[in-house]
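predicted model and sequence below, questions to follow.
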Amino acid sequence: MCPACQQPLVAFELDGVEIDRCVGCQGIWLDAGELEWIAHLARVPQGGLSQALLNARGERGGKRRCPRCRRQLRKVALDRPEALEIDRCPHGDGLWFDWGEMETLLAAYEGGETGAVSRFFRNFFGKGERPVPSTLRP
(Lines give C-alpha, C1' and ligand atoms only; values in the text may rest on other atoms or scores of the structure.)
Protein backbone atom coordinates (compact mmCIF):
# COMPACT_ATOMS: atom_id res chain seq x y z
CA MET A 1 0.00 0.00 0.00
CA CYS A 2 1.06 3.54 -0.72
CA PRO A 3 2.49 5.31 2.34
CA ALA A 4 0.86 8.58 1.26
CA CYS A 5 -2.67 7.75 0.04
CA GLN A 6 -3.13 4.04 0.86
CA GLN A 7 -3.79 3.08 -2.78
CA PRO A 8 -2.14 -0.02 -4.30
CA LEU A 9 1.45 0.12 -5.49
CA VAL A 10 2.14 -1.30 -8.94
CA ALA A 11 5.54 -2.86 -9.56
CA PHE A 12 7.11 -2.01 -12.92
CA GLU A 13 10.25 -3.64 -14.22
CA LEU A 14 12.74 -2.17 -16.65
CA ASP A 15 16.22 -3.59 -17.29
CA GLY A 16 15.88 -5.89 -14.28
CA VAL A 17 15.05 -3.04 -11.86
CA GLU A 18 11.66 -3.15 -10.19
CA ILE A 19 10.16 0.22 -9.24
CA ASP A 20 6.93 0.56 -7.28
CA ARG A 21 4.57 3.38 -8.22
CA CYS A 22 1.28 4.38 -6.59
CA VAL A 23 -1.76 4.18 -8.83
CA GLY A 24 -3.35 7.06 -6.92
CA CYS A 25 -0.83 9.80 -6.11
CA GLN A 26 1.94 8.64 -8.51
CA GLY A 27 4.56 8.49 -5.74
CA ILE A 28 7.58 6.19 -6.13
CA TRP A 29 8.97 3.60 -3.72
CA LEU A 30 12.60 2.56 -4.24
CA ASP A 31 13.78 -0.50 -2.40
CA ALA A 32 17.20 -0.29 -0.80
CA GLY A 33 19.95 -0.68 -3.39
CA GLU A 34 17.88 0.11 -6.48
CA LEU A 35 19.59 3.45 -7.22
CA GLU A 36 22.96 1.77 -6.87
CA TRP A 37 21.82 -1.04 -9.18
CA ILE A 38 20.75 1.48 -11.84
CA ALA A 39 24.23 3.04 -11.67
CA HIS A 40 25.83 -0.40 -11.90
CA LEU A 41 23.78 -1.26 -15.00
CA ALA A 42 24.97 1.99 -16.61
CA ARG A 43 28.57 1.14 -15.61
CA VAL A 44 29.06 4.39 -13.69
CA PRO A 45 30.35 4.72 -10.12
CA GLN A 46 28.10 5.75 -7.28
CA GLY A 47 28.33 9.46 -6.72
CA GLY A 48 26.75 12.53 -5.20
CA LEU A 49 23.19 11.33 -5.42
CA SER A 50 23.82 8.18 -3.37
CA GLN A 51 25.90 10.16 -0.89
CA ALA A 52 23.17 12.79 -0.52
CA LEU A 53 20.59 10.11 0.24
CA LEU A 54 22.90 8.34 2.70
CA ASN A 55 23.85 11.58 4.45
CA ALA A 56 20.32 13.00 4.68
CA ARG A 57 19.90 14.65 8.07
CA GLY A 58 17.33 15.98 10.46
CA GLU A 59 15.52 12.71 10.83
CA ARG A 60 12.10 13.16 12.38
CA GLY A 61 8.98 11.08 12.71
CA GLY A 62 6.29 11.01 10.13
CA LYS A 63 2.82 9.49 9.89
CA ARG A 64 3.49 7.28 6.89
CA ARG A 65 4.32 3.57 7.05
CA CYS A 66 6.93 1.62 5.12
CA PRO A 67 5.26 -0.53 2.46
CA ARG A 68 7.70 -3.36 3.29
CA CYS A 69 8.05 -3.58 7.08
CA ARG A 70 5.14 -1.28 8.09
CA ARG A 71 7.36 0.72 10.47
CA GLN A 72 6.85 4.45 10.65
CA LEU A 73 8.85 6.21 7.92
CA ARG A 74 11.24 8.97 9.00
CA LYS A 75 11.40 12.33 7.24
CA VAL A 76 14.93 13.34 6.24
CA ALA A 77 16.17 16.58 4.71
CA LEU A 78 18.66 16.69 1.87
CA ASP A 79 21.39 19.32 1.51
CA ARG A 80 20.54 19.73 -2.14
CA PRO A 81 18.07 20.75 -3.33
CA GLU A 82 17.30 22.92 -0.36
CA ALA A 83 14.04 22.20 1.46
CA LEU A 84 13.50 18.75 -0.10
CA GLU A 85 12.42 16.16 2.45
CA ILE A 86 11.87 12.54 1.60
CA ASP A 87 10.64 9.58 3.61
CA ARG A 88 13.10 6.85 4.58
CA CYS A 89 12.48 3.51 6.24
CA PRO A 90 14.26 3.35 9.62
CA HIS A 91 14.89 -0.35 9.00
CA GLY A 92 16.69 0.41 5.71
CA ASP A 93 14.04 -1.04 3.40
CA GLY A 94 13.89 1.93 1.03
CA LEU A 95 12.85 5.48 0.18
CA TRP A 96 9.51 7.10 -0.64
CA PHE A 97 9.31 9.97 -3.15
CA ASP A 98 6.08 11.93 -3.43
CA TRP A 99 5.04 12.99 -6.94
CA GLY A 100 7.67 15.36 -8.35
CA GLU A 101 10.31 14.79 -5.65
CA MET A 102 12.38 12.38 -7.76
CA GLU A 103 12.53 14.90 -10.62
CA THR A 104 13.47 17.69 -8.20
CA LEU A 105 16.24 15.57 -6.70
CA LEU A 106 17.66 14.52 -10.07
CA ALA A 107 17.66 18.11 -11.32
CA ALA A 108 19.93 19.10 -8.41
CA TYR A 109 22.72 16.71 -9.44
CA GLU A 110 24.59 16.22 -12.70
CA GLY A 111 26.51 13.59 -14.62
CA GLY A 112 27.78 10.14 -13.66
CA GLU A 113 25.43 8.24 -11.43
CA THR A 114 22.74 10.91 -11.55
CA GLY A 115 22.80 11.02 -15.33
CA ALA A 116 22.33 7.25 -15.41
CA VAL A 117 19.46 7.43 -12.94
CA SER A 118 17.87 10.30 -14.89
CA ARG A 119 18.05 8.35 -18.16
CA PHE A 120 16.58 5.31 -16.44
CA PHE A 121 13.59 7.25 -15.10
CA ARG A 122 13.05 9.07 -18.41
CA ASN A 123 12.83 5.65 -20.07
CA PHE A 124 10.70 4.37 -17.24
CA PHE A 125 8.10 7.13 -17.10
CA GLY A 126 8.83 9.25 -20.13
CA LYS A 127 9.35 8.63 -23.82
CA GLY A 128 10.90 5.39 -24.94
CA GLU A 129 10.38 1.89 -23.61
CA ARG A 130 7.33 1.64 -21.37
CA PRO A 131 7.52 -0.43 -18.20
CA VAL A 132 5.12 -3.33 -17.88
CA PRO A 133 3.44 -3.98 -14.52
CA SER A 134 4.81 -7.18 -13.04
CA THR A 135 2.63 -7.34 -9.92
CA LEU A 136 -0.06 -5.49 -8.06
CA ARG A 137 0.56 -5.00 -4.38
CA PRO A 138 -2.57 -4.59 -2.28
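Thanks, I have the structure now.

tell me which helix or strand in this protein has the weakest average pLDDT.
strand 132-137 (a mean of 43; mean pLDDT, DSSP states H and E).

number of nearby residues for the closest residue to Asp93 other than its chain neighbours?
The shortest distance from Asp93 to any non-neighbouring residue, by Cβ to Cβ, 6 or more residues apart in numbering, is to Arg68 (4.0 Å). Just so you know, the C-beta spots here come from the backbone N, C-alpha and C atoms, and that holds for glycine as well. Residues contacting Arg68 under the criterion other Cβ atoms under 10 Å number 15.

correct me, but Arg68 touches Gly94?
Yes. Contact criterion Cβ atoms under 8 Å: Arg68 and Gly94 qualify, at 6.6 Å.

what are the phi and psi values at Arg88?
Torsion angles at Arg88 (phi, psi; degrees, to the nearest 10) stand at phi -130, psi 140.

give me the most central residue, the chain.
Most central in the chain under Cα atoms, centre = their mean is Leu30, positioned 3.9 Å from the mean C-alpha point.

distance of it from Ser50?
12 Å (Cβ to Cβ, to the nearest Å).

same check on Phe12?
From Phe12 to Ser50 the distance is 22 Å (Cβ to Cβ).

sheet partners, orientation included, of the lengthiest strand in the chain?
The single longest strand within the chain, with elements called by DSSP state E, is strand 57-65. Paired with strand 57-65 in the same sheet, following DSSP bridges, are strand 72-77 (antiparallel).

centre of the chain to the strand it pairs with, how far?
Centroid separation between strand 72-77 and its chain, computed with Cα atoms, centre = their mean, to the nearest Å, is 13 Å.

equivalent analysis for stretch 99-109, please.
10 Å.

mind listing what's buried in that stretch?
101-102, 105-106, 108-109 (16 or more other Cβ atoms under 10 Å).

check stretch 53-62 too.
Those buried within stretch 53-62 under the rule 16+ other Cβ under 10 Å are 53, 56, 62.

can you show me the helices along the protein?
All helices of the chain, identified by DSSP state H, fall at 34-41, 48-54, 101-107, 112-125.

neighbouring contacts of the third one?
Contacts of helix 101-107 from elsewhere in the structure, counted by Cβ atoms under 8 Å, 6 or more residues apart in numbering, are 28, 49, 52, 78, 81, 84, 86, 97, 114, 117-118, 121.
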